[in-house]
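**Student:** Provided below are the primary sequence and the corresponding predicted coordinates.
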Number of protein chains: 2
Amino acid sequence: MLEVIATTDTIPHQCVSCSVRQTGICAHLTPEQLIAFAQHTRHSHHQAGETLASETDTSAGYAMVVEGVIKLTRLLQDGRQQLVGLQFASDLLGRLYSSENPTTAEAVSEIELCRMPKSILESAVAESSALKDFLLRRSLQELDDAREWMVTLGRKTAPERVASILLLFALRNRRADAGKDSAVTFDLPLIRADMADFLGLTIETVSRQISKLREDGVIIVTSHRHVVVPDLERLRRRAGQSELA
Amino acid sequence: MLEVIATTDTIPHQCVSCSVRQTGICAHLTPEQLIAFAQHTRHSHHQAGETLASETDTSAGYAMVVEGVIKLTRLLQDGRQQLVGLQFASDLLGRLYSSENPTTAEAVSEIELCRMPKSILESAVAESSALKDFLLRRSLQELDDAREWMVTLGRKTAPERVASILLLFALRNRRADAGKDSAVTFDLPLIRADMADFLGLTIETVSRQISKLREDGVIIVTSHRHVVVPDLERLRRRAGQSELA
DNA sequence: ACTAACCCTTGATCTACCTCAAGAGCTAGA
DNA sequence: TCTAGCTCTTGAGGTAGATCAAGGGTTAGT
């Protein structure tokens, strides 16, 4: 009981059991800042497929992803679409310092968000050097990821692109997995159409290349979404890794 | 005269005439910080084509671009190359917070750099919230640019890609140019091979598409590098602009 | 269990861009 | 002015991936 009293003294009750309190922006606020912050946040739940406040919507605030996967996409007038990023738990949704950003955020799975008004986050960032630091590190990482993807989009063949996205998901799930860097198991967070939009290919080409990898024993696919990679190094070779990575 | 005395009191002599003092990181340091900072910086000059400390080189420090254009590229093992970014005057060279970054920086024109040791910039960033803020804004902008480029690489046709890069340069030079958003004149900072590496195309395709735009009167090209765009809107339409941009 | 609505796969054909090849500007140095 | 070395252009033909088309799996609701 004492322990509960102690924590509720310093941590807002709605944050105590939050799964991303230690990894998202909240980890970089002082207890006082967190208490003030939490008075203006509100959790919301969303179904897969829902559009989460297109980032052009200036009235909307920011949101932290508490659970689920979100895709960021851009459109050309004629409907061609490019996936430009994925957001996972603890990532921040919304473009800081800019009210116009031609990006759409859409739920790929069921989503739990922690929403906050623009002004609240912006003043927290203005006050907290630690928070700014965290956001700077995150955005530099996102920039690295985006540039790595530019190599994939600009210079890799279709077989290499598909291997690259599988490798991306495999590496993301490696730690969750049991042991060595030999075998990895995971569920694809994206359907073929989204993978195609990520890779700059068509659905058919993605499907054909997955079939090829399956025939060659590089991956084992069950029920379209569940994937086993018996040998990560083999997949990595198929992805035509960049020279210094 | 009074004004000159006042500035030399507070600004290090080597910085007084620096062309990027008002726009680069130095604009966000206090006079005292700038004085301390300047004691550890050194200018260096480089020829076009020179490789400027591959960013994997952990011993190297950071550098600010004072003059010229630099291309950031990534390589695949077999030599395929992708241009992932361009750096202009006042941009910072070097990946903050990470010693390994598989990116190569190469001078595209004659270059003037202001070099500094890693530790000096890092402690300045740690101390200065204004500097961190500046770097955060810049990296968010670079992220936006990279994602815009992902759309070009993943979903645009060759004619649209070439129009897109011309539009990019045209918009960058618009303010330098005289007046309205009608006619713009500029020199291409990149040769065809670099444009191809930026666009994920071959040299021949870039050349053919430039010829096509020339034949159609969208651009006027003299001596391979000098370009006139009589009607920006027309070029923009050729670039297949993204929906909300 | 059955049905509807998605997903995904596979095949046949087409085409945008690549590859290979030749030659024509430019630029710079002797 | 001439030459050497880039850089750029243009043409002919080949190919990776797109498009068009059909059918098979998977999942969820009744």
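**Tutor:** In hand now; what should we look at?
**Student:** where does the residue nearest to the spatial centre of chain A fall, phi/psi-wise?
**Tutor:** For chain A, A:Q87 is the residue whose C-alpha lies nearest the centre (Cα atoms, centre = their mean; 2.2 Å). Backbone torsions of A:Q87, given as degrees, to the nearest 10, read phi -120, psi 130.
**Student:** where along chain A do the helices fall?
**Tutor:** Using DSSP state H, the helices of chain A run over residues A:2-10, A:13-16, A:31-38, A:118-127, A:129-155, A:158-172, A:192-199, A:203-215, A:232-238.
**Student:** Please tabulate those helices in a markdown table, including the columns distance to DNA strand D, mean pLDDT and mean neighbour count.
**Tutor:** Placement of C-beta: from N, CA and C, glycine included. Formatted as a markdown table, the helices of chain A follow (distance: least, Cβ to the nearest atom of the strand, whole Å; pLDDT from 0 to 100; neighbours: other Cβ atoms under 10 Å in any protein chain shown):
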| stretch | distance to DNA strand D | mean pLDDT | mean neighbour count |
| --- | --- | --- | --- |
| helix A:2-10 | 37 | 50 | 9 |
| helix A:13-16 | 29 | 87 | 13 |
| helix A:31-38 | 34 | 91 | 16 |
| helix A:118-127 | 35 | 93 | 16 |
| helix A:129-155 | 10 | 97 | 21 |
| helix A:158-172 | 4 | 96 | 21 |
| helix A:192-199 | 7 | 98 | 22 |
| helix A:203-215 | 3 | 97 | 16 |
| helix A:232-238 | 13 | 95 | 17 |
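**Student:** sorry, back to before: spatially, what comes nearest to the residue nearest to the centre of chain A if we skip its sequence neighbours?
**Tutor:** A:I70 (4.3 Å; Cβ to Cβ, 6 or more residues apart in numbering or on different chains).
**Student:** Pretty sure the one you found sits against A:E50.
**Tutor:** No: the criterion here is Cβ atoms under 8 Å, and A:I70 misses it with A:E50 at 9.8 Å.
**Student:** Looking at the two, which has the bigger crowd around it?
**Tutor:** More crowded of A:I70 and A:E50, by other Cβ atoms under 10 Å in any protein chain shown: A:I70, with 24 against 15.
**Student:** tell me the contacts of that one?
**Tutor:** A:L52, A:L86, A:Q87, A:F88, A:D91, A:L93, A:A105, A:E106, A:A107, A:V108, A:I111 (Cβ atoms under 8 Å, 6 or more residues apart in numbering or on different chains).
**Student:** gap between the first one and B:T51?
**Tutor:** It refers to A:L52. From A:L52 over to B:T51 the distance is 43 Å, taken as Cβ to Cβ, to the nearest Å.
**Student:** the more surrounded of those two?
**Tutor:** Counted by other Cβ under 10 Å, A:L52 and B:T51 do not tie: A:L52 has more neighbours, with 22 against 12.
**Student:** Surely the more buried one is in contact with A:T103?
**Tutor:** No: A:L52 lies out of contact with A:T103 (Cβ under 8 Å); the separation is 11.1 Å.
**Student:** so who does A:L29 touch?
**Tutor:** Counted by Cβ under 8 Å, 6+ apart, A:L29 has contacts A:F37, A:A124, A:S128, A:A130, A:L131.
**Student:** next one: A:K212
**Tutor:** Applying Cβ under 8 Å, 6+ apart, the residues near A:K212 are A:P159.
**Student:** Quick check: it vs A:V206, distance?
**Tutor:** 11 Å.
**Student:** Over to A:K118?
**Tutor:** 37 Å.
**Student:** can you check A:S182 too?
**Tutor:** A:S182 sits 26 Å away from A:V206, taking Cβ to Cβ as the criterion.
**Student:** got it, and A:A239?
**Tutor:** For A:A239, the distance to A:V206 - Cβ to Cβ - is 14 Å.
**Student:** same deal with A:V16?
**Tutor:** 42 Å.
**Student:** again, but for A:Q141
**Tutor:** Distance from A:Q141 to A:V206, by Cβ to Cβ: 26 Å.
**Student:** Next: A:L190.
**Tutor:** For A:L190 relative to A:V206 (Cβ to Cβ), the value is 10 Å.
**Student:** And A:R236, by the same measure?
**Tutor:** 19 Å.
**Student:** what do you get for A:F198?
**Tutor:** 9 Å.
**Student:** now do A:A130
**Tutor:** Noted for A:A130: a distance of 41 Å to A:V206, by Cβ to Cβ.
**Student:** about what we covered before: out of the contacts of A:I70, which is nearest to DNA strand C?
**Tutor:** Distance to DNA strand C, by Cβ to the nearest atom of the strand, is smallest for A:V108 among these, at 10.5 Å.
**Student:** Spit out the contact partners of that closest one.
**Tutor:** Counting by Cβ under 8 Å, 6+ apart, A:V108 touches A:A48, A:G68, A:V69, A:I70, A:K71, A:L86, A:P189, A:L190, A:D194.
**Student:** who wins for neighbours among those?
**Tutor:** Busiest of the contacts of A:V108 [other Cβ under 10 Å] is A:I70, holding 24 neighbours.
**Student:** Tell me the spacing between that residue and chain B.
**Tutor:** 15 Å (Cβ to the nearest Cβ, to the nearest Å).
**Student:** And for A:T185?
**Tutor:** From A:T185 to chain B the distance is 28 Å (Cβ to the nearest Cβ).
**Student:** Present the contacts of A:L29 as TSV; the columns should include distance to B:Q77.
**Tutor:** TSV is the format used below for the contacts of A:L29 (distance: Cβ to Cβ, whole Å):
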residue	distance to B:Q77
A:F37	47
A:A124	44
A:S128	43
A:A130	40
A:L131	40
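**Student:** right, and the pair among these with maximum separation?
**Tutor:** A:F37 and A:A130 (13.2 Å; Cβ to Cβ).
**Student:** Determine whether any part of stretch A:78-89 lies close to DNA strand C.
**Tutor:** No: applying Cβ under 7 Å from any atom of the strand, one finds stretch A:78-89 out of contact with DNA strand C, separated by at least 11.8 Å.
**Student:** Give me the average confidence score over that stretch.
**Tutor:** What stretch A:78-89 shows for mean pLDDT is 96.
**Student:** For it, could you pull out the residues that count as buried?
**Tutor:** Residues of stretch A:78-89 classed as buried by neighbour count (16 or more other Cβ atoms under 10 Å in any protein chain shown): A:R80, A:Q81, A:Q82, A:L83, A:V84, A:G85, A:L86, A:Q87, A:A89.
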